[in-house]
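Engineer: the sequence isn't on hand, but the structure is:
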C-alpha cells in the first residue's frame, strides 16, 4: 500500500511514464476532482486509452490496482481542500444541517438527471411479468448463489451495486442469466462490467468518494430510484396493489397495540 501523497508520487515518477501513461497523468492533473469518481472504463475513455493502460499506469506508480490509486487520489484531493471548506469538530450545527441538506439535494438532482424514464418503464414491465422478483445487494454471497441457481426465465433480479463491478455481483448475475432470468441493475456507472449482463440499467447519479463508501447521499439517491420504480409499478397495477395492501393490513392488524 502506497503511503506517500499521490501528487508527490506522480511528480517523482512522471519522467519514467510511457507516452500513454503521461496522457493519463496529465488528465488526472487537469481533472483531479472529477477523476476520483470515475470507473476505470470511464477514465480510459476520457483519456483515449485502453483499460489495460490505466492498470499499467497505476502499477507504475506503485499501486496494486486502480481502486488503490483512486483512493490515494481522493485523499490527496481532500488534503488540498481549503480549511474554510472542511467540516471541523467544532463547526456550528446549523452549518452541518446546511451541508447535509446541500449534499442530499445534489445527490437527488444528479440522479434525476441521470435516470432514464424509458429504463424505468422497461424495468416496471419486467416486474409486472415476473413470477418472482429477487432484490439483491452486497453480502451473503452463498445465499445469492443458491437463489440464482434456482431461478428460471420467469424470474427477475433487481441488483443494487454502486460500482457495478464487484465479483459477487458478477458471479450472481452470470448464474442468473445462465438460467434465463432477467436482470435489472441499479448502479452509478453506465459502463460498469455488470451492465453487460443487465437487461435494464437504472442509473444513480450521486457521486461517492472512494473515502466514503456507502455514504448517506448515495443511499438517498438509490432510494429515489427505487421510489420512482415502485410508483410506476403501483400506478400500472392498481387492482393488484389494492389487494396486496388489504392483505398486508389484515396480516399486520393483530400486531398493533
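Structural biologist: Structure's in. What do you need? Treat the numbers as computed from the prediction; the structure is a model and nothing was measured.
Engineer: which residues of the stretch 101-250 of the chain fall in helices?
Structural biologist: Per DSSP state H, counting those that start in this stretch, the stretch 101-250 of the chain carries helices over the ranges 117-129, 141-149, 167-178, 216-236, 238-253.
Engineer: which of the ones you listed is buried the deepest?
Structural biologist: For the helices of the stretch 101-250 of the chain, the largest average neighbour count (mean count of other C-beta atoms under 10 Å) is found in helix 167-178, namely a mean of 19. C-betas here are computed from N, CA, C, even on glycine.
Engineer: low-confidence ranges in the stretch 101-250 of the chain?
Structural biologist: Low-confidence segments of the stretch 101-250 of the chain (pLDDT under 70): 211-213.
Engineer: so which residue is dead centre in the chain?
Structural biologist: Here the mean C-alpha position of the chain is nearest to the C-alpha of residue 162 (C-alpha atoms, centre = their mean), at a distance of 1.5 Å.
Engineer: returning to what we had before: closest to residue 155 out of the helices of the stretch 101-250 of the chain?
Structural biologist: Of all those, it is helix 167-178 that lies closest to residue 155, at 7.7 Å by C-beta to C-beta.
Engineer: and the contacts of the closest one?
Structural biologist: Counting by C-beta atoms under 8 Å, 6 or more residues apart in numbering, helix 167-178 makes contact with 136, 138-139, 141, 144-145, 148-149, 151, 155, 157, 159, 161, 183, 185, 193-194, 197-198, all of which sit outside it.
Engineer: so which of the helices of the stretch 101-250 of the chain comes closest to residue 8?
Structural biologist: Taking C-beta to C-beta, helix 216-236 is the member of those nearest to residue 8, at 30.0 Å.
Engineer: what residues does that closest one touch?
Structural biologist: With C-beta under 8 Å, 6+ apart as the contact definition, helix 216-236 has outside contacts at 100, 103-104, 106-108, 110-112, 115, 120-121, 123-124, 127-128, 160, 162, 186, 188, 202-206, 208, 241.
Engineer: show me which of those residues are buried.
Structural biologist: Neighbour counting by 16 or more other C-beta atoms under 10 Å classes 103-104, 107-108, 110-111, 115, 120, 123-124, 127, 160, 162, 186, 188, 202-206, 208 among those as buried.
Engineer: before we move on, back to that, closest one to residue 28 among the helices of the stretch 101-250 of the chain?
Structural biologist: Put simply, out of these the one that sits nearest residue 28 is helix 216-236, at 23.1 Å, with distance taken as C-beta to C-beta.
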